[in-house]
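K.L.:
Fold the following.
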Amino acid sequence: MKKKRFVALLMTMAMLVSMMSGCSFGSSAKKVTQIYFLSCKPEVKSVWEDVSAAYEKETGVKLKVLTAADGNHERTLKAELAKKDYPTMFQINGPIEYSEWKNYCMDLSDTKLYSWLLDKSMAVTGDDGKGVYGIPYVVEGYGIIYNNAIMEKYFALSDKSSQIKSMDEINNFAALKEVAEDMQAHKSELGIEGVFGSTSLAPGESWRWHTHLMNIPVTYELQKKNVSDLDTLDFTYSDEFKNVFDLYINNSCTAISDLKNKTVEDSMTEFAQGKVAMVQNGNWGWSQIESADGNVVSEEDAKYMPVYTGMDGEESQGLCIGTENYICINSQATDEEKQASIDFLEWLYSSKEGKKFVTEKFGFIPPFNTFKESEYPSNPLAVEVIKYMNDSSKKSVPWNFVTFPNQKFKDNIGNDLISYTEGELDWNTLVDTVKSDWAKQKGSEEE
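P.N.:
Now for the predicted structure:
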């Protein structure tokens with residue numbers, strides 16, 4: 001009897017262990033049904049929706065995507081990370097933002113995504129240089145986009161004042177200014193309303209100036225001082241910034257008094273509809289051009305030139321090429337959510353369908369070795385960026401705006417540019433304010 005009771009006890013214990021083991025396995029293998037990416041690229045919002053539908057159809061996992069409004073990424077990220085339904089993936093713009101969100105950034109150094117990165121020095125590492133916490137998911141470029149059909153029409157004018165005969169001769173600010181001002185004088189003959197698209201200064205829309213244009217004088221100052229960051233900004237090349245900004249606003253299709261109401265989409269639509277010949281923006285802007293109502297710009301006529309400002313030796317300057325788009329995995333997510341997010345990124349950048357979205361729909365220039373040269377985007381502006389990247393006679397301008405203090409600093413410049421255009425702030429005061437604000441936001445000057 002004792003033996004039977006002992007055997008029964010063993011069997012009961014075995015069943016309990018099996019049940020406990022089964023529960024444990026079921027918990028760890030719980031299928032993730034949704035992952036969540038917080039994006040800050042509104043120009044490709046609709047593409048993310050298509051990606052989400054395709055990924056859910058293939059895997060059963062829903063991809064939720066929230067796109068933060070321009071200028072509101074940090075505020076949106078802070079709010080979303082505090083929610084129960086938090087982003088499992090988000091993006092930062094470089095080391096400065098990493099320092100703010102590092103408690104939410106998982107080490108990605110052991111992922112396939114990092115192993116695929118062509119230039120591993122581009123990744124955002126920890127404060128000690130160890131670990132990988134942000135991986136660039138796109139290489140991009142920006143400059144002055146021009147409609148070659150309009151430019152050829154200008155060069156063919158019999159009564160133009162400029163002696164410049166082709167785009168090859170526009171390789172510095174002096175030449176750009178000469179042509180732009182002459183084109184503005186002949187805008188009726190050219191069938192345009194102005195040379196440049198609207199300088200967008202509406203709230204949240206001035207990033208092309210306070211970030212992208214500002215990057216050029218800051219980069220030249222960094223290079224002159226042979227440093228990678230600055231506690232204080234001398235704004236040594238403020239006159240060069242002013243050169244091209246004034247050129248934009250004085251030779252536009254829009255009256256200066258109306259610029260504070262204009263958006264980036266307005267300017268891209270103006271370009272797409274042939275109302276202007278030039279617009280400053282990045283290769284991501286092709287999707288806005290291509291999809292605009294009344295688009296008349298062919299792929300063959302969408303070209304790039306560098307943003308010339310009047311710097312010495314700028315004849316060899318290329319486009320501004322780099323990235324501020326680094327993908328991070330939320331370290332506070334569950335292990336299952338982390339892995340599901342990594343699985344999605346690997347699908348996007350290695351599967352046939354995922355790669356098509358990257359290059360054909362997003363128009364991204366991918367920084368990973370999973371893409372063949374033949375798979376690079378056909379987006380004409382991306383093709384132009386790649387051409388400049390491969391031109392050894394041109395020196396690209398790196399994206400040093402990732403060292404800018406914060407969004408507040410950039411927004412303040414945007415507000416000051418409005419005051420400047422309306423005659424309420426003189427340029428010297430604007431320069432002094434930028435310098436003071438840089439030091440204040442960097443923490444090297446007392447509030």
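K.L.:
Neighbours of residue 166, how many?
P.N.:
Neighbour count for residue 166, taken as other Cβ atoms under 10 Å: 9. (Glycine included, C-beta is placed from N, CA and C.)
K.L.:
Correct me if wrong: residue 329 contacts residue 105.
P.N.:
Yes. Under the criterion of Cβ atoms under 8 Å, residue 329 makes contact with residue 105 at 7.5 Å.
K.L.:
Between those two, point out the one with more neighbours.
P.N.:
Between residue 329 and residue 105, counted using other Cβ under 10 Å, residue 329 has the larger neighbour count: 27 against 23.
K.L.:
how about the more buried one, phi and psi?
P.N.:
Here the main-chain torsion angles of residue 329 (degrees, to the nearest 10) amount to phi -110, psi 130.
K.L.:
can you pull the contacts of it?
P.N.:
Each residue near residue 329 by Cβ atoms under 8 Å, 6 or more residues apart in numbering is listed here: 88, 89, 105, 106, 108, 338, 341, 342.
K.L.:
pLDDT value on the closest residue to it other than its chain neighbours, please?
P.N.:
Of all residues not flanking residue 329 in the chain, residue 106 sits nearest, at 4.2 Å (Cβ to Cβ, 6 or more residues apart in numbering). For residue 106, the model assigns a pLDDT of 98.
K.L.:
What of residue 127?
P.N.:
The confidence metric pLDDT takes the value 86 at residue 127.
K.L.:
List the contacts of it.
P.N.:
Taking Cβ under 8 Å, 6+ apart, one finds 99, 102 in contact with residue 127.
K.L.:
do you know how far it is from residue 95?
P.N.:
Going from residue 127 to residue 95 by Cβ to Cβ, to the nearest Å gives 9 Å.
K.L.:
returning to what we had before: any chance of CSV for the contacts of residue 329, columns distance to residue 300 and secondary structure?
P.N.:
As requested, the contacts of residue 329 are exported to CSV (distance: Cβ to Cβ, whole Å; DSSP: H, G, I helix; E, B strand; the rest coil):
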residue, distance to residue 300, secondary structure
88, 41, coil
89, 37, strand
105, 43, strand
106, 44, coil
108, 40, coil
338, 45, helix
341, 40, helix
342, 40, helix
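K.L.:
ok, and the most crowded of the residues you listed?
P.N.:
Highest neighbour count within the contacts of residue 329: residue 88, with 28 neighbours (other Cβ under 10 Å).
K.L.:
these two touch, right, residue 262 and residue 202?
P.N.:
Yes. Counting by Cβ under 8 Å, residue 262 does reach residue 202; the two are 5.8 Å apart.
K.L.:
So which of these two has more stuff around it?
P.N.:
residue 262 (21 against 17).
K.L.:
Which strand or helix spans the closest residue to that one other than its chain neighbours?
P.N.:
Nearest non-adjacent residue to residue 262, counting by Cβ to Cβ, 6+ apart: residue 198, 3.9 Å away. Using DSSP states H and E, residue 198 sits in no helix or strand.
K.L.:
Kindly provide the distance from residue 198 to residue 219.
P.N.:
From residue 198 to residue 219 the distance is 25 Å (Cβ to Cβ).
K.L.:
who's more crowded, these two?
P.N.:
Using other Cβ under 10 Å as the criterion, residue 198 and residue 219 rank with residue 198 on top: 30 against 19.
K.L.:
what's near enough to touch that one?
P.N.:
Applying Cβ under 8 Å, 6+ apart to residue 198 gives the contacts 252, 253, 254, 258, 259, 262, 266, 267, 270.
K.L.:
And those, which is closest to residue 432?
P.N.:
When those are ranked by distance to residue 432 (Cβ to Cβ), residue 259 comes first, at 22.7 Å.
K.L.:
Low-confidence ranges, this protein, go.
P.N.:
Low-confidence regions of the chain, defined here as pLDDT under 70, cover residues 1-30, 70-71, 444-447.
K.L.:
And for residue 275, nearest residue in space, chain neighbours not counted?
P.N.:
Residue nearest to residue 275 in three dimensions, not counting chain neighbours: residue 193, with 4.6 Å by Cβ to Cβ, 6+ apart.
K.L.:
That neighbour touches residue 253, doesn't it?
P.N.:
Yes. Using Cβ under 8 Å, residue 193 is in contact with residue 253, at 3.8 Å.
K.L.:
Need the residues touching each of those two.
P.N.:
Common neighbours of residue 193 and residue 253 (criterion: Cβ under 8 Å, 6+ apart): 270, 275, 276.
K.L.:
Confirm for me that the first one is in contact with residue 199.
P.N.:
Looking back up the chat, that one is residue 270. No. Between residue 270 and residue 199 there is no contact under Cβ under 8 Å: 11.2 Å.
K.L.:
which of these two has more neighbours?
P.N.:
Neighbour totals were compared for residue 270 and residue 199, and residue 199 leads with 26 against 23 (other Cβ under 10 Å).
K.L.:
And the more buried one, its phi and psi?
P.N.:
phi -80, psi 100.
K.L.:
That one and residue 150: what is the separation?
P.N.:
Distance from residue 199 to residue 150, by Cβ to Cβ: 19 Å.
K.L.:
try residue 48
P.N.:
33 Å.
K.L.:
swap in residue 403?
P.N.:
Applying Cβ to Cβ to residue 403 and residue 150 gives a distance of 36 Å.
K.L.:
if we can go back for a sec, quick one, which of residue 193 and residue 253 is more surrounded?
P.N.:
residue 253 (21 against 16).
K.L.:
what residues are up against the more buried one?
P.N.:
Residue 253 neighbours (Cβ under 8 Å, 6+ apart): 192, 193, 194, 196, 197, 198, 270, 275, 276.
K.L.:
For residue 41, grab the count of nearby residues.
P.N.:
Applying other Cβ under 10 Å, we find 19 residues neighbouring residue 41.
K.L.:
ok so, going back, which one of the contacts of residue 253 is nearest to residue 134?
P.N.:
Comparing these against residue 134 with Cβ to Cβ places residue 197 closest, at 32.0 Å.
K.L.:
correct me, but that closest one touches residue 276?
P.N.:
Yes. Contact criterion Cβ under 8 Å: residue 197 and residue 276 qualify, at 4.7 Å.
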